[in-house]
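Asker: model this:
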Amino acid sequence: MPQLHSINRRITLASRPVGAPTSTNFSLKETVIPSPETGEILLRTNYLSLDPYMRGRMNAGASYAEPVDIDGTMVGATVCQVVTSLHPDYQVGEWVLAYTGWQDYDISDGEGLIKLGTEPTNPSYALGILGMPGFTAYMGLLDIGQPKSGDTLVVAAATGPVGATVGQIGKLKGCYVVGIAGGAEKCKYAENVLGFDKCIDHKADDFDAQLQAACPNGIDVYFENVGGKVFDSVLPQLNTGARVPVCGLVSQYNATELPSGPDRLSLLMGTLLVKRIKMQGFIIFDDYAHRYNEFFEQMMMWLQSGEIKYREHMIDGLENAPSAFTGMLQGENFGKLVVNVAK
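Answerer: Next comes the predicted model:
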């Protein structure tokens with residue numbers, strides 16, 4: 001049974017960052033553990049997911065979701081256990097996928113929870129390969145990217161939880177897959193473990209030339225996670241009829257102004273027009289929630305057969321979430337970043 005402690009630790013947004021977040025933008029607070037009322041359950045967080053989208057929630061500006069309030073608990077998906085239940089559909093000890101944020105405990109009325117059973121295997125996988133990142137990779141590539149056998153697929157942030165999955169699905173669909181990652185170790189992992197045909201270090205001085213050499217037939221599908229200089233190199237190599245699912249722009253999340261240099265919007269628009277390129281952004285659960293079961297069943301089959309491989313970067317302790325999060329935005333994680341809160 002999950003252990004009940006005497007306090008609830010919460011990490012809140014102390015101030016809105018200007019540029020890259022620092023430890024001063026977060027505050028660790030201790031409060032009384034809330035008590036459930038009739039129809040509610042008390043959840044104990046075991047695992048917390050850290051994801052790039054959280055950087056946008058720290059800003060005050062309008063987006064596809066409401067920002068975190070100052071002094072509000074930082075948002076995030078969690079895997080929790082039921083420690084107290086006054087709800088007929090939930091029993092003590094059950095595991096659930098929730099969205100309780102950066103804290104030890106929270107109250108739920110059951111809405112939005114996904115049951116994971118009483119003894120799930122690898123429960124933290126619900127935050128990665130079987131959760132939002134895996135789902136994002138699956139739908140973004142297959143529905144928007146529409147890969148065909150023989151296509152050249154390029155994916156940025158290739159060893160992250162989304163990019164690694166995109167590339168492996170691409171290989172299953174018969175694509176020639178080129179990854180882009182930061183550092184030799186990550187590139188070797190993409191090639192030797194994930195099975196990419198090639199992976200290029202975006203930190204290399206001759207990155208642009210290496211990308212051209214790796215894609216002699218141009219690029220048919222580019223899965224965008226990064227933006228910035230990586231997209232600048234990809235754009236002229238996109239083939240007529242190319243598809244570009246836009247999942248994220250992590251290189252721009254800490255920017256406080258537009259990049260210097262000439263206005264390249266007309267170049268982008270002209271390329272999209274002349275080459276009839278499809279470029280589409282998406283918000284996974286807003287656009288594809290009705291297809292989650294389809295994804296889950298297929299991904300479970302791929303995992304069980306060994307056709308899809310998955311790597312986690314596990315951090316111990318809720319108090320270490322801020323430093324792990326800021327490091328992730330600088331590319332310091334290797335795999336899906338998860339905080340082991342209960343430990």
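Asker: What ranges does the stretch 151-300 of the chain have for its strands?
Answerer: All strands of the stretch 151-300 of the chain, identified by DSSP state E, counting those that start in this stretch, fall at 152-156, 176-181, 198-201, 219-223, 238-246, 278-281.
Asker: try the stretch 1-150 of the chain
Answerer: Assigned by DSSP E, counting those that start in this stretch, the stretch 1-150 of the chain shows strands spanning 7-13, 26-32, 41-49, 78-85, 95-98, 105-108, 114-117.
Asker: Check which strands are paired with the longest one and give the direction for each one.
Answerer: I take that to be strand 41-49. According to DSSP bridges, strand 41-49 forms sheet pairs with strand 78-85 (antiparallel), strand 105-108 (antiparallel), strand 336-340 (antiparallel).
Asker: try the fifth one
Answerer: Strand 95-98 has the following strand partners under DSSP bridges: strand 78-85 (antiparallel), strand 114-117 (antiparallel).
Asker: how much space between the nearest residue to N225 once chain neighbours are set aside and G167?
Answerer: Sequence neighbours aside, A157 is the residue nearest to N225 in space, at 4.0 Å (criterion: Cβ to Cβ, 6 or more residues apart in numbering). Using the backbone N, CA and C atoms, a C-beta is placed for each residue, glycine as well. Separation of A157 from G167 (Cβ to Cβ, to the nearest Å) stands at 10 Å.
Asker: before we move on, what about M269?
Answerer: M269 is 28 Å from G167, by Cβ to Cβ.
Asker: More neighbours: which of those two?
Answerer: When M269 and G167 are compared for neighbours, G167 comes out ahead with 28 against 10, by other Cβ atoms under 10 Å.
Asker: The more buried one and V193 touch, don't they?
Answerer: No: the criterion here is Cβ atoms under 8 Å, and G167 misses it with V193 at 10.9 Å.
Asker: who touches both of these two?
Answerer: The overlap between the contact sets of G167 and V193 (Cβ atoms under 8 Å, 6 or more residues apart in numbering) is empty.
Asker: what would the strands of the stretch 1-150 of the chain look like in CSV with mean pLDDT and distance to A214?
Answerer: Below are these laid out as CSV (pLDDT from 0 to 100; distance: least, Cβ to Cβ, whole Å):
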stretch, mean pLDDT, distance to A214
strand 7-13, 96, 41
strand 26-32, 96, 40
strand 41-49, 97, 32
strand 78-85, 97, 37
strand 95-98, 96, 37
strand 105-108, 97, 46
strand 114-117, 92, 39
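Asker: Please identify the deepest-packed of those.
Answerer: Mean neighbours per residue, mean count of other Cβ atoms under 10 Å, is largest over the strands of the stretch 1-150 of the chain for strand 41-49, with a mean of 25.
Asker: Relative to the whole chain's centre, how far out is it?
Answerer: With Cα atoms, centre = their mean, to the nearest Å as the basis, strand 41-49 stands 19 Å off its chain's centre.
Asker: any idea of the angle it forms with strand 7-13?
Answerer: Calculated by axes from the mean of the first three to the mean of the last three Cα atoms, to 10 degrees, strand 41-49 forms an angle of 50 degrees with strand 7-13.
Asker: right, and P36 touches V82 too?
Answerer: No: if you go by Cβ under 8 Å, P36 and V82 don't touch, sitting 9.7 Å apart.
Asker: Could you tell me which residues touch both of these two?
Answerer: In contact with both P36 and V82: L42, using Cβ under 8 Å, 6+ apart.
Asker: for the strands paired with strand 95-98, which one sits closest to K309?
Answerer: Counting by Cβ to Cβ, K309 lies closest to strand 78-85 out of the strands paired with strand 95-98; the figure is 20.6 Å.
Asker: Leaving out sequence neighbours, find the closest residue to the residue nearest the centre of the chain.
Answerer: The centre of the chain sits closest to P133, judged by Cα atoms, centre = their mean, with a distance of 4.5 Å. Using Cβ to Cβ, 6+ apart and skipping the chain neighbours, the partner closest in space to P133 is P161 (3.7 Å).
Asker: Over to T240?
Answerer: K275 (4.6 Å).
Asker: gap between the two ends of stretch 154-163?
Answerer: End-to-end distance for stretch 154-163, by Cα to Cα, to the nearest Å: 10 Å.
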